[in-house]
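Trainee: I'll drop the sequence and a predicted model, then ask my questions.
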Amino acid sequence: MLFCMQCDKRLTSDEVSIYRRLIYRDAEEYLCKACLAEKMRVTTNEIDRKIEHFKKIGCTLFS
Ligand SMILES: [Zn+2]
């Protein structure tokens with residue numbers, strides 16, 4: 001099980017993947033969607049949109 005390094009929320013695989021995609025591919029610690037959105041100064045909706053986008057283009061991090 002993986003947990004957000006900031007708020008200890010349990011992470012979904014999408015949250016891990018988008019963190020890797022946007023921040024650091026070889027990361028071993030991750031942020032949940034809410035903390036990642038805050039860090040990037042975007043909304044969680046925008047994070048969701050990015051996740052959908054990367055899935056649609058077939059990003060291997062999301063397979
Ligand atoms: Zn968090």
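Mentor: Cool, the structure landed.

Trainee: For the lengthiest helix in the chain, name the packing helices and strands.
Mentor: Scanning the chain for the helix with the most residues, using DSSP state H, yields helix 44-56. Helix 44-56 sits against helix 13-22, helix 33-40, with contacts defined as 3 or more Cβ pairs under 8 Å, 6 or more residues apart in numbering; DSSP states H and E. For every residue, glycine as well, the C-beta is placed using N, CA and C.

Trainee: Quick check: buried residues in the last one?
Mentor: The reference is to helix 33-40. Neighbour counts over helix 33-40 (16 or more other Cβ atoms under 10 Å) mark 33-37 as buried.

Trainee: could you say what helices and strands it packs with?
Mentor: helix 13-22, helix 44-56.

Trainee: What parts of the protein come near the ion?
Mentor: Counting by Cβ under 5 Å from the ion, the chain comes close to the ion at 4, 6-7, 9, 32, 35.

Trainee: could you redo the last one with a cut-off of 6 Å?
Mentor: The chain has residues 4, 6-7, 9, 31-32, 34-35 near the ion, with proximity defined as Cβ under 6 Å from the ion.

Trainee: Quick one: buried ones out of the residues you listed?
Mentor: In these, the ones that pass as buried (16+ other Cβ under 10 Å) are 4, 31-32, 34-35.

Trainee: will you turn the residues you listed into TSV that also has pLDDT and distance to K50?
Mentor: What follows is these, written out as TSV (pLDDT from 0 to 100; distance: Cβ to Cβ, whole Å):
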residue	pLDDT	distance to K50
C4	98	17
L31	98	14
C32	98	14
A34	98	14
C35	98	15
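
Trainee: between those, which is nearest I23?
Mentor: Closest approach to I23 among those (Cβ to Cβ): L31, at 7.8 Å.

Trainee: these two touch, right, the closest one and Q6?
Mentor: Yes - using Cβ atoms under 8 Å, L31 is in contact with Q6, at 5.8 Å.
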